[in-house]
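Participant: the sequence and its predicted three-dimensional model are supplied below.
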Amino acid sequence: MPLYPDSIPNCHNCDNHESFGGNTNGRKFLKNVTLPTLTVFLPEKPATNRTAVIICPGGGYSSLSIEDGGFDAARELTKNGIVAIVLKYRTTGEKCISGYSIVPLQDVQQAIYQTRLNASKWQIDLHKVGLLGFSAGGHLSGMAATQYNSLQIDAKGISLRPDFTILAYPVISFTDALTSRNSKSRLNLLGKNPSEQQKCWYSPELNVTAATPPSFLVHASNDSTAKVENSIAYYQALHNFGISAKLMIYQRGGHGFALYNKEEDDYWLPYAVKWLKLNLFL
């Protein structure tokens, strides 16, 4: 379904030029996204008051790894009775999009809005709407968790605060110290010369408050694209405010392992599902 039923903010006469390009370890990336959508996966068994998870794929804001970090994750979540919603958010590079730095946040806020707006139709509990973000999608999810009061859309009284986040090898911080040379997320979102104020505003670990939702984080120590210190810093910030959080760190795994860390032969999503149950989100 279209993310925006009417006009798309910060979009000016955009045509659909999106296409799959690149192939990294068998992963295809969707590029040139200008028309954002939601793809809803419903569990086979009907139920009421279900948990919903909005999935934000990674791709450094220039593309979306929407298959393994989107549709595959959605199918696994539905096996646990979760309504999974894949967000195809807009990527950078198209001249018809203005002010791109705020566009992904607009899209994820609109996704939360649409999910709660359709809660009755999809049989979702309004207070069990969370985010699952991979890599740059993890950064976006962290932004949604800490900047939900910085409204970029008209929410018409519907809360834009996610109830929880699940962050897989996230790019959390845009500070110089925690930004890897291999990461292009900050460059693609903010350009070559972001101000110190921008770096701080776009660093979720610096904007945690007592109202920030709980989080499950998974990362690998040998990640050279998103330093493991990103997840550690976010976990520490949550812990300092007494917010429920779980940090799972693999010794090996690198970056972009989606649901399966082949270096350690382990699927991590079951641990996240257990965490959801522990915190009464499932």
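Facilitator: It's in.
Participant: buried ones in the longest strand anywhere in the chain, by neighbour count?
Facilitator: Longest strand in the chain by number of residues (criterion: DSSP state E): strand 124-134. Within strand 124-134, the residues that count as buried by 16 or more other C-beta atoms under 10 Å are I124, D125, K128, V129, G130, L131, L132, G133, F134. Heads up, the C-betas are built off the backbone N, CA and C, glycines and all.
Participant: max pairwise distance over these: which two?
Facilitator: D125 and F134 (24.1 Å; C-beta to C-beta).
Participant: re the thing from before, helix or strand right after the longest strand of the chain?
Facilitator: Beyond strand 124-134 on the C-terminal side, the first helix or strand identified by DSSP states H and E is helix 136-146.
Participant: show me which residues of that next one are buried.
Facilitator: Neighbour-count burial for helix 136-146, counted by 16+ other C-beta under 10 Å, picks out A136, G137, G138, H139, L140, S141, G142, M143, A144, A145, T146.
Participant: please apply the same query to stretch 32-40.
Facilitator: With burial defined by 16+ other C-beta under 10 Å, the residues of stretch 32-40 counted as buried are N32, V33, T34, L35, P36, L38, V40.
Participant: stretch 249-268 now?
Facilitator: Y250, G253, G254, H255, G256, F257, A258, L259, N261, W268.
Participant: cool, and stretch 209-219?
Facilitator: So for stretch 209-219, counting by 16+ other C-beta under 10 Å, buried means T212, P213, P214, S215, F216, L217, V218, H219.
Participant: pull the residues that contact it.
Facilitator: 130, 145-146, 161-170, 226, 228, 230-232, 234-235, 238, 241-250, 268, 271-272, 275-276, 279 (C-beta atoms under 8 Å, 6 or more residues apart in numbering).
Participant: and these, which of them are buried?
Facilitator: 130, 145-146, 162-170, 226, 228, 230-232, 234-235, 238, 243, 245-248, 250, 268, 272, 275-276.
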